[in-house]
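>>> heads up, no residue letters with this:
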């Protein structure tokens with residue numbers, strides 16, 4: 001006699017078993033698309049929040065008090081995007097572009113080199129690292145309103161309607177230094193052409209700064225600051241020119 005083990009309690013009907021075996025593997029969900037904030041939209045952030053550079057999507061009505069206004073979106077080339085949302089190459093690439101976009105938005109006469117006034121301090125935002133890895137490769141350039149004097153900790157000044165029409169928008173920002181006295185921030189120039197090179201040191205930066213600042217200010221009454229070695233390798237390469245002024 002042939003004994004047959006009964007397994008009806010766990011066996012699948014033939015038709016159902018065949019259907020299970022024939023079912024295709026579940027396709028992976030496509031990466032989530034994160035849309036950048038549209039130009040003209042506003043956020044109400046502290047300086048510390050804005051400086052983090054990660055877009056949170058927390059928009060406010062621009063007729064209410066706000067500190068940040070979206071100006072433009074930059075699509076990041078694949079060769080730069082591959083290194084992530086905060087790489088040296090990305091910062092060096094976006095710095096001159098966001099500076100120009102925000103200065104032009106604010107009506108600055110020479111948007112490529114003129115320093116920010118109270119209305120034209122620029123900020124930039126990207127998707128989170130996870131969203132970036134999913135293929136969302138964009139940078140949002142935004143304008144923030146800052147005080148005329150920046151001798152204390154940086155902060156943003158709330159405005160209503162447009163930052164471009166905020167009170168005091170044409171006043172140059174002033175800085176007080178121990179070595180050089182008081183200076184007005186007149187011009188800023190990211191050294192994009194040499195951003196990928198080894199840090200040039202103070203002597204190398206000075207040669208560039210002397211020529212650029214003297215031309216931008218129109219006299220020898222200036223002082224300048226450049227990036228530290230750490231800042232340089234983070235992608236921040238700009239030279240800043242200050243015109244000496246009396247107290």
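Here it is on my side, so go on. Just so you know, these numbers come straight off a predicted model, no measurement behind them.
>>> make it CA atoms for all contacts and neighbour counts henceforth
Fine.
>>> how far does stretch 188-198 sit from the chain's center?
17 Å (Cα atoms, centre = their mean, to the nearest Å).
>>> do the same with stretch 62-80
Counting by Cα atoms, centre = their mean, stretch 62-80 comes out at 8 Å from the chain centroid.
>>> Equivalent analysis for stretch 204-214, please.
26 Å.
>>> what's the answer for stretch 118-130, then?
3 Å.
>>> Endpoint to endpoint, it covers what distance?
Stretch 118-130 has an end-to-end distance of 34 Å (Cα to Cα, to the nearest Å).
>>> Next, the residues that contact it from outside, please.
Contacting residues not belonging to stretch 118-130 are listed as 34, 50-51, 53-55, 84-85, 98-99, 102-103, 106, 116, 132, 136-148, 163-164, 166, 168-173 [Cα atoms under 8 Å, 6 or more residues apart in numbering].
>>> redo that, cut-off 6 Å
With contact meaning Cα atoms under 6 Å, 6 or more residues apart in numbering, stretch 118-130 is reached by 53-55, 103, 139-148, 163-164, 169.
>>> Repeat that for stretch 135-155.
47, 67-76, 98, 102, 118-126, 156-157, 173-175.
>>> Report the distance from it to the chain centre.
Distance of stretch 135-155 from its chain centroid, counting by Cα atoms, centre = their mean, is 8 Å.
>>> Show me which residues of stretch 63-82 are buried.
65-73, 76, 80-82 (16 or more other Cα atoms under 10 Å).
>>> pLDDT and distance to residue 216 for these - can I get that in CSV?
CSV is the format used below for those (pLDDT from 0 to 100; distance: Cα to Cα, whole Å):
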residue, pLDDT, distance to residue 216
65, 94, 35
66, 95, 32
67, 95, 29
68, 96, 28
69, 96, 28
70, 97, 28
71, 97, 26
72, 97, 26
73, 98, 29
76, 98, 30
80, 97, 31
81, 98, 33
82, 97, 36
